[in-house]
Structures are given as C-alpha cells and as structure tokens.
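Asker: Whatever this is, show me its structure:
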Amino acid sequence: MKTNTETYKVLINGDEFHLVSDESQAHVFKAAEKVDTIVQKLSSQVSHIDKRRVAILAALQLASELLKTEETLALKQEKENALAALIDHTVASL
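Answerer: Down below sits the predicted model:
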C-alpha cells in the first residue's frame, strides 16, 4: 500500500488545483490532462453552461468510460477463466 503523498499543482480549464496524492507525478498529470481535455471539449461545445455543470458532465463521461472498461475486463476475465478450465480439463485427460 502506498503511503507517501505528494502535492501537485494542475490546471484544468484554466483553473489551478492543488492535489494531494500517493500516485506518481506522471499519473496525476496524465489524469489531470485527461480531465482537462474533456472539460475543454465540453466547454467549447456548450458555451452557455456553467463550470460546475461542465465538471459533472466530464465526471459522467469518465464514469461511462470506466464502466465500459470494467465490462470489457470482466468479459476478458470470463474468457480467460473458461480457457484455463479447458486447458486444465485437457491436461487432466492426457
């Protein structure tokens, strides 16, 4: 378990945020860059919406991406388990 925390300064949609994380600097900056990209894209598409709503839309988009990734991972895990069972059955029958 990670216990060392660092403070990082990131910019998201022109706003500065100070974050405390036990993740690496590269990880924090990559995550902030992803959020910034989504927020800026949403802001450019819908100019009349306030920053709080843009942040919520960005969070929903990221949550959707996470759910799709989790579903894909679960399907791959099921296939891997089925393949492992088939291999075990084949080896046992030799």
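
Asker: Which parts of the chain are strands?
Answerer: Along the chain, counting by DSSP state E, strands occupy 6-12, 15-21.

Asker: looking at the ones you listed, which is buried most?
Answerer: The highest mean neighbour count among those, using mean count of other Cβ atoms under 10 Å, belongs to strand 6-12: a mean of 13. Quick note: C-beta positions are derived from backbone N, CA and C, even for glycine.

Asker: among the strands of the chain, which is nearest A55?
Answerer: strand 6-12 (8.6 Å; Cβ to Cβ).

Asker: in its sheet, what does the closest one sit against?
Answerer: If you go by DSSP bridges, strand 6-12 pairs up with strand 15-21 (antiparallel).

Asker: about what we covered before: any chance of the strands of the chain in TSV, plus distance to A31 and mean pLDDT?
Answerer: TSV is the format used below for the strands of the chain (distance: least, Cβ to Cβ, whole Å; pLDDT from 0 to 100):
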stretch	distance to A31	mean pLDDT
strand 6-12	9	97
strand 15-21	9	96
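
Asker: So for A85, which of those strands sits nearest?
Answerer: Each of the strands of the chain has some distance to A85 by Cβ to Cβ; the shortest is strand 15-21, at 39.4 Å.

Asker: what's the offset of that closest one from the middle of its chain?
Answerer: Distance, stretch centre to chain centre, for strand 15-21: 17 Å (Cα atoms, centre = their mean, to the nearest Å).

Asker: ok, which stretches of this protein are helices?
Answerer: Here the chain has its helices, by DSSP state H, at 25-45, 51-92.

Asker: Of those helices, which is nearest E16?
Answerer: Across the helices of the chain, closest to E16 is helix 25-45 (Cβ to Cβ), at 10.7 Å.

Asker: Please consider this matter closed, and thank you.
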